[in-house]
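Undergrad: Got a sequence here, can you build the structure:
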Amino acid sequence: MAGKEEVIINHFQCTATFFRHMKVQRTTRFKDTRRCSAPQHFYMTNSIPFFKYQGAGNDFVMVDNRTGIFPDASDAKLIAHLCDRRFGIGADGLILLEEVPDFDFRMVYFNADGREGSMCGNGGRCTVAFARALGIIGEHCRFLAVDGPHEASISAPDWVELKMADVASVTQLPNGDYVLNTGSPHYVQFVEQLDGWPVTEKGQAIRYSEAFREQGINVNFVAAAAEGIGVFTYERGVEAETLSCGTGVTASAIAAYLKNPAPAAANVPITTKGGQLRVRFKPVGNRFEDVWLCGPAVQVFEGIFRNSTAA
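TA: Residues are numbered from 1 along each chain as shown. The predicted structure is shown next:
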């Protein structure tokens, strides 16, 4: 779909309960983004202005919460409803952009099940794009997430490069698989080919195994690609396969380097079902430093969500 498309959503017909006759602007470029122009009386506790972003198919509901407009961040039921693809807006997660001292902003991420999550790499890149669209930042920024400070840059209109946390250690299991934390915990398994691989079935078996059942773990399946590697990911919290996972491709790139160490392997092109990403890093002994996750971050549309559960 090129350019812009206006979609008018009738709130009597849509289970997402948008306000009647509100226009939703679809865009694909930062220069086209605009603040939602709903009249001030719409901004009540039972309505939530939002933006929808996606990074390589990993999609998020974004809320500018600098003035505290989000009703209740502890309301897991509401957050899960927002992320529901049939009865809500639909997303892999919700992200609140908030003010915090000494940083450009704070990113607060919630999984699609409504619970606050660990670091989300693609979500972080989308939050940077969102902050740029809101006029909060320029081409560079520093922000705070659940795993600590991050820096990021926008090197092209829809391309965001995000510095991830250093990876202090990687565990190789007796079966040859890898476990590591790239801001979120990940399990990496190499397979011969990804086409037809039962991601949900195999991912659930590992995620709910005795070793990982209590805390949960994201599961990545990796195979060689024409350029770099291909990665399919089963995400905890979403409890399904997602089209891409930023911390997952980061973990997969590092595991691929450990499997076949080479200087070129420290700058890895990655193919996911949702698009192309790139991960670069510096191996330093057993550590991995200067880790960057790079890829697209695009605004899809904006609108008003009416919270029918509000008092």
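
Undergrad: Thr250 touches Val291, doesn't it?
TA: Yes - using Cβ atoms under 8 Å as the test, Thr250 is close enough to Val291 to be in contact (6.4 Å). From N, CA and C alone the C-beta is placed, and that goes for glycine too.

Undergrad: where along the stretch 51-200 of the chain do the helices fall?
TA: Along the stretch 51-200 of the chain, the stretches classed as helices by DSSP state H, counting those that start in this stretch are 76-83, 121-133, 199-207.

Undergrad: for these, which one ends up most surrounded?
TA: Each of the helices of the stretch 51-200 of the chain was scored by mean neighbour count; the highest is helix 121-133, a mean of 28, by mean count of other Cβ atoms under 10 Å.

Undergrad: How about the secondary structure of Tyr257?
TA: Recorded secondary structure, Tyr257: helix (DSSP: H, G, I helix; E, B strand; the rest coil).

Undergrad: For it, give me its contacts.
TA: 265-266, 268, 281, 283 (Cβ atoms under 8 Å, 6 or more residues apart in numbering).

Undergrad: between the residues you listed, which is nearest Ala297?
TA: Val268 (18.9 Å; Cβ to Cβ).

Undergrad: and that closest one, what is it in contact with?
TA: Counting by Cβ under 8 Å, 6+ apart, Val268 makes contact with 228-229, 253, 256-257, 278-280.

Undergrad: cool, and Thr171?
TA: Contacts for Thr171 (Cβ under 8 Å, 6+ apart) come out as 178-180.

Undergrad: now the residues you listed: which count as buried?
TA: With burial judged by 16 or more other Cβ atoms under 10 Å, the buried subset of those is 178-180.

Undergrad: For the residue most central in space within the chain, give me its contacts.
TA: Nearest to the mean C-alpha position of the chain, by Cα atoms, centre = their mean, lies Gly123 at 2.8 Å. Going by Cβ under 8 Å, 6+ apart, Gly123 touches 55, 58, 60, 93, 95, 107, 109, 246.

Undergrad: So the last one sits against Gly124, correct?
TA: This points to Gly246. Yes - under the criterion of Cβ under 8 Å, Gly246 makes contact with Gly124 at 6.9 Å.

Undergrad: Mutual contacts of those two, please.
TA: Common neighbours of Gly246 and Gly124 are listed as 162, 293 (criterion: Cβ under 8 Å, 6+ apart).

Undergrad: The closest residue to Tyr234 other than its chain neighbours and Tyr178: what is the separation?
TA: Spatial nearest neighbour of Tyr234, excluding adjacent residues (Cβ to Cβ, 6 or more residues apart in numbering): Gly203 at 2.5 Å. As judged by Cβ to Cβ, to the nearest Å, Gly203 and Tyr178 stand 15 Å apart.

Undergrad: And Ala262, what's its pLDDT?
TA: Ala262 is assigned 80 on the pLDDT scale.

Undergrad: residues near it, how many?
TA: 8 (other Cβ atoms under 10 Å).

Undergrad: gap between it and Cys245?
TA: Here the distance between Ala262 and Cys245 works out to 24 Å (Cβ to Cβ).

Undergrad: cool, and Ile206?
TA: Using Cβ to Cβ, Ile206 is found at 14 Å from Cys245.

Undergrad: burial measure for Gly90, as a count.
TA: Gly90 has 15 neighbours, counted by other Cβ under 10 Å.

Undergrad: let me fix that: Glu239
TA: With other Cβ under 10 Å as criterion, Glu239 counts 16.

Undergrad: ok, now which ones touch it?
TA: 113, 204, 207.

Undergrad: Reformat these into a markdown table and put pLDDT and distance to Val100 next to each item.
TA: What follows is those, written out as a markdown table (pLDDT from 0 to 100; distance: Cβ to Cβ, whole Å):
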| residue | pLDDT | distance to Val100 |
| --- | --- | --- |
| Asp113 | 95 | 25 |
| Gln204 | 97 | 36 |
| Arg207 | 97 | 32 |
